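Student: need a structure here:
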Amino acid sequence: MKTDRSDAALIEQSLARPDAFAELFDRHFDTVHRYARRRVGPELAEEIASETFTTAFDGRRRYDRGRSDARPWLLGIAANLLRRHWRTEKRRIAAQVSESGGNGASPTEPGGEVADALDELSTGERDVVLLFSLADLTYAEISEALEIPVGTVRSRLARARGRLRRRLGSTVPSPEGVR
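Tutor: Have a look, this model is predicted:
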């Protein structure tokens with residue numbers, strides 16, 4: 001049974017009734033899974049998404065219930081888990097380019113050159129770029145997900161864009177608007 005309760009209310013309720021966390025899972029699993037799939041492919045996406053919710057469930061007491069939307073929190077957990085899988089992700093991206101003959105790379109489905117360029121970014125810059133471009137989070141949501149100030153999000157994203165443009169040329173799009 002679906003309710004209109006906020007994510008924070010569901011997390012609060014799950015402290016007494018763990019089964020209430022299932023609704024949070026139902027609300028956000030597809031988003032977390034889609035983000036993970038775009039980062040590591042279908043083979044690991046299920047594992048990352050499942051591990052994200054297991055980690056969230058275990059850490060739900062620490063959730064800031066002043067934040068009604070748990071999506072940035074969950075994607076932050078996923079981003080942390082995905083750091084461990086960056087090597088796998090880089091191999092997947094290179095394989096995509098190899099299969100496509102090096103054609104058709106885009107910012108959301110990067111090719112080998114883009115994978116190499118992303119690998120040259122710091123972990124913090126890469127996380128910000130991927131949460132912005134693959135998970136469509138706003139600056140404020142990235143700030144929440146990574147537990148860093150919004151100003152740090154802006155500077156990391158600007159620095160990363162500059163590095164990617166220098167490395168890749170005009171293939172790195174400018175944002176259509178600040179989110």
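Student: mind splitting the chain into its structural domains?
Tutor: Annotated domains of the chain cover 1-84, 121-169 [automatic domain parsing].
Student: can you show me the strands along the chain?
Tutor: For the chain, applying DSSP state E gives no strands.
Student: would a markdown table of the domains of the chain with distance to V114 be doable?
Tutor: (Each C-beta comes from the backbone N, C-alpha and C, glycine too.) Listed next are the domains of the chain as a markdown table, based on distance: least, CB to CB, whole Å:
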| stretch | distance to V114 |
| --- | --- |
| domain 1-84 | 13 |
| domain 121-169 | 7 |
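Student: out of those, nearest to E113?
Tutor: Set against E113 and scored by CB to CB, the domains of the chain come closest in domain 121-169, at 6.5 Å.
Student: sorry, back to before: as TSV, the domains of the chain with mean neighbour count and distance to A115 would be great.
Tutor: Converted to TSV, the domains of the chain look like this (neighbours: other CB atoms under 10 Å; distance: least, CB to CB, whole Å):
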stretch	mean neighbour count	distance to A115
domain 1-84	17	11
domain 121-169	18	11
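Student: save those domains as TSV, and put in mean pLDDT too.
Tutor: What follows is the domains of the chain, written out as TSV (pLDDT from 0 to 100):
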stretch	mean pLDDT
domain 1-84	92
domain 121-169	92
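Student: so how far is R163 from G59?
Tutor: 33 Å (CB to CB, to the nearest Å).
Student: likewise H33?
Tutor: 29 Å.
Student: and D4, by the same measure?
Tutor: 43 Å.
Student: go on, A79?
Tutor: 19 Å.
Student: give the contact list for the residue nearest the centre of the chain.
Tutor: Nearest residue to the geometric centre of the chain (CA atoms, centre = their mean): L131, 4.1 Å. By CB atoms under 8 Å, 6 or more residues apart in numbering, the residues touching L131 are 75, 79, 137, 141-142, 145-146.
Student: dump the residue contacts of the closest residue to A49 other than its chain neighbours.
Tutor: Excluding the flanking residues, the one nearest A49 by CB to CB, 6 or more residues apart in numbering is H33, at 4.1 Å. Shown in contact with H33 (CB under 8 Å, 6+ apart): 45-46, 49.
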